[in-house]
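Colleague: Quick one, what's the 3D model for this:
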Amino acid sequence: MSPAVPTHQEAGSQAGQPHLADLVVFGGTGDLSMRKLIPALYHADRDGRLAPQTRVIAMSRGGLTDDDFRGKVDAEVRGQVPIDDPEMWQRFLGRLHHVSVDVGSDDKSGWDGLAKLLAGHEERDRVYYLASPPRTFGPFCRELQGAGLVTPHSRVVLEKPLGNDLRSAQAINDEVGAIFDEHQIFRIDHYLGKETVQNLLVLRFANAFLEPIWNSLWIDHVQITVAETVGTPGRRGYYDHAGALRDMVQNHLLQLLTLTAMEAPARNDREAVRDEKVKVLQALRPIIGGEVGRFTVRGQYTEAGDMPGYLDEPGSTPPTEASRQVETFTAIRAEIKNWRWAGVPFYLRTGKRMPYRRSEIVVQFKDVPHSIFPGGSPNRLILRLQPEEGIELHIMAKEPGAGETTLRPVPLSLSFGETFTARVPEAYERLLTDVLAGNPTLFMRRDEVEAAWRWIDPILEAWKADPALPEPYAAGTTGPAAAHELLSRSGRAWHDQEDV
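Modeller: I've put the predicted structure just below:
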């Protein structure tokens, strides 16, 4: 195992200087790399956030030369990014290299090729990005070590999903942890790189007016929604074994919950923020036994109009019994058992084939203790992550006019796109530059991942033991009826800005 030493370039990072590193992407010709990683790296280069000699080395079984890979990127990525400076684009392409490696095979020549490419640059940090299925994480790290390519200044980035339950997540963590120390492991969740998520921390901890009312005395409930209009065409083989709970709740939604509910860290440093997030996950009230049926909902979209149902999605493998059991929608009523949040429900909701694409956090405040005006409604704070990032605070105001006072909720809005002239970076841009700089603040720690699985596992087990199928909902609607009943039982309703 590599010795636990800090990166030797931390001083440069703190001074705001671009990091010199070799970024090696395993799965470097795949969909994630072409759609997200390569465009993000180009934007970082364009903004001067890559050191001049930083290299991007793609690894795959494709048998490509450097020129082949650069041609592939030129053909597939050029249309995704603004190429207003052809010379800069050519300079970026010059950073790209390709090495053919078949992990798990007896042919080790690819590792020799990677070692030869990295040789002579030992002064650089080495970042290994595993844009590949979790089953490859352990074998890749072992072969990397066997080739002598793990140094004290190496880091490894793990893409989600990290396992499919607590036991498998622990096994992956053990395998990778046998090669890399915890401070070298960066478990990525791209939601943590979104600008609104960053502003959530600033909004809470850099503004004095919110903190006194950010608790159960003033907040009625919180809603966290990640809704998608897309279905799963061509992806049923994956989704049958993932489902919405594993694919979205265990990582994205629980991460948003921790940032909403965490206590103020003593400082904004690498571990203090993550310490507070773990405390929230450990304080989540377990949902077990009969409570699973009361506090969770699972649904599956069915055909509606020209939209196919989950079992009929084109380009997918034939449906199986697992296909009929898997949830494409889930809603959960969660509670945090601590002094700040006791009695405040957190409603989590995610689904595919919804009528809109939206990720948002809605903080619903309680009504005023005694209203002297008729027709008022409680204040509401909305943090939008997509499609347009921004913050809205809904307050009550009097409609203009003489006569009787008429109240209407009006938003005080902050749109990042309209307010700030600078381009809002994509989430992967922020996270990639952070990992190159060795800053783990926005990445998940082992205890954080495993605490999330401990809370999720009993729900998965109860669903597996329940012979009932997920409740159907028509594609293009807001989910099954039980999801609305989850809130209506306590006189609440989901926040939906649009009439759908």
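Colleague: and residue 298, that's in a helix?
Modeller: No: using DSSP: H, G, I helix; E, B strand; the rest coil, the assignment for residue 298 is strand, not a helix.
Colleague: what separates it from residue 329, distance-wise?
Modeller: From residue 298 over to residue 329 the distance is 7 Å, taken as Cβ to Cβ, to the nearest Å. C-beta here means a position set from N, CA and C on the backbone, and glycine is covered the same way.
Colleague: What of residue 91?
Modeller: The gap separating residue 91 from residue 329 is 45 Å, by Cβ to Cβ.
Colleague: These two: who's more crowded?
Modeller: Taking other Cβ atoms under 10 Å, residue 91 and residue 329 do not tie; residue 329 has more neighbours (30 against 13).
Colleague: Pull the biggest helix by length in the chain out as PDB, backbone CA atoms only.
Modeller: Using DSSP state H to define each element, the chain has its longest helix at helix 446-465. This file holds the C-alpha atoms of helix 446-465, laid out as PDB (Å, rounded to 0.1, in the frame of the first residue of the first chain):
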ATOM      1  CA  ARG A 446     -15.700   5.200   2.400                       C
ATOM      2  CA  ASP A 447     -17.700   5.600   5.600                       C
ATOM      3  CA  GLU A 448     -20.100   7.900   3.800                       C
ATOM      4  CA  VAL A 449     -20.800   5.400   1.000                       C
ATOM      5  CA  GLU A 450     -21.300   2.600   3.400                       C
ATOM      6  CA  ALA A 451     -23.600   4.600   5.700                       C
ATOM      7  CA  ALA A 452     -25.800   5.300   2.800                       C
ATOM      8  CA  TRP A 453     -26.000   1.600   1.900                       C
ATOM      9  CA  ARG A 454     -26.900   0.700   5.500                       C
ATOM     10  CA  TRP A 455     -30.000   2.900   5.200                       C
ATOM     11  CA  ILE A 456     -30.900   1.700   1.700                       C
ATOM     12  CA  ASP A 457     -30.400  -2.100   2.300                       C
ATOM     13  CA  PRO A 458     -33.500  -2.700   4.500                       C
ATOM     14  CA  ILE A 459     -35.700  -1.100   1.900                       C
ATOM     15  CA  LEU A 460     -34.200  -3.200  -0.900                       C
ATOM     16  CA  GLU A 461     -34.700  -6.400   1.200                       C
ATOM     17  CA  ALA A 462     -38.300  -5.600   2.000                       C
ATOM     18  CA  TRP A 463     -39.100  -4.900  -1.600                       C
ATOM     19  CA  LYS A 464     -37.500  -8.100  -2.700                       C
ATOM     20  CA  ALA A 465     -39.600 -10.100  -0.200                       C
END
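Colleague: neighbouring contacts of stretch 450-466?
Modeller: 163, 165-166, 169-170, 173, 245-246, 249-251, 254, 278, 281-282, 284, 286-289, 292-293, 296, 298, 327, 332 (Cβ atoms under 8 Å, 6 or more residues apart in numbering).
Colleague: Report the buried members of the residues you listed.
Modeller: With burial judged by 16 or more other Cβ atoms under 10 Å, the buried subset of the contacts of stretch 450-466 is 163, 166, 169-170, 173, 245-246, 249-251, 254, 278, 281, 284, 287, 292, 296, 298, 327, 332.
Colleague: What residues of the helix or strand following the longest helix of the chain count as buried?
Modeller: Helices and strands here follow DSSP states H and E; after helix 446-465, the next one along the chain is strand 471-474. Neighbour counts over strand 471-474 (16+ other Cβ under 10 Å) mark 471, 473, 474 as buried.
Colleague: what sits against the second one?
Modeller: It refers to residue 473. Contacts of residue 473 (Cβ under 8 Å, 6+ apart): 299, 300, 301, 302, 329, 351, 479, 480, 481.
Colleague: Please check those and keep the buried ones.
Modeller: By 16+ other Cβ under 10 Å, the contacts of residue 473 give 299, 300, 301, 302, 329, 351, 479, 480 as buried.
Colleague: All set, thanks.
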